[in-house]
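>>> this one's structure only:
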């Protein structure tokens, strides 16, 4: 099998299995056992030198970082499937921009909000939290939600039709909402998120 996804459950690898399922691609799921420190094994570090998941091999190519993997899958497989814009026009520029933005801003600000300002299984201990970091991160995260809300004013998904770009953004919010992040102050975003969460491919990926 040409494509192998290296991951473990309830990780950012889920967004890649979701993308692979949406694309209808055959792939092998390689479960990395963190308890056995398989993510630090030399053979895995040759694929992902940072010892994290996910990683993906596609033939002779290897990738790490879920955002980079999404961009690869979009360019190589998504255009023909209608899940990624081809050419050099604005839709492709939008796809690149919103995907990178999801990884660089939406996700990190949400996670910092949870680390410092919420009580979750992975939040910092109360004595290690920063009120200033919580306030700043939440303000930036809310700004990110505002941006999605505005983007959805004239479209059902981030590019119009559902694409891998929606996976990049919605997959972060699935982590957040599972641990108490609220979306109800952004009604268009909440409706979009519900549509994304109902995708059959996501259910298969999980």
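On my side now, so go ahead. Just so you know, these numbers come straight off a predicted model, no measurement behind them.

>>> same for the host helix or strand of residue 173, what does it pack against?
If you go by DSSP states H and E, residue 173 is part of helix 164-178. In this structure, helix 164-178 makes packing contacts with helix 13-23, helix 66-73, helix 90-101, helix 107-117, helix 187-197, judged by 3 or more CB pairs under 8 Å, 6 or more residues apart in numbering; DSSP states H and E. In short, each C-beta sits where N, CA and C put it, glycine included.

>>> let's go with 10 Å and repeat that
Helix 164-178 is packed against helix 13-23, helix 66-73, helix 90-101, helix 107-117, helix 131-151, helix 187-197, helix 200-205, with contacts defined by 3 or more CB pairs under 10 Å, 6 or more residues apart in numbering; DSSP states H and E.

>>> contacting residues around the fourth one?
Identification of contacts with helix 107-117 by CB atoms under 10 Å, 6 or more residues apart in numbering yields 12, 15, 66-67, 101-102, 120-124, 128-145, 168-169, 171-173, 175-176, 179-181.

>>> tell me the most buried of the helices and strands packed on helix 164-178?
Ranked by mean neighbour count under mean count of other CB atoms under 10 Å, the helices and strands packed on helix 164-178 are led by helix 13-23, which reaches a mean of 24.

>>> what does the average pLDDT come to for that helix?
Taken as a whole, helix 13-23 has an average pLDDT of 98.
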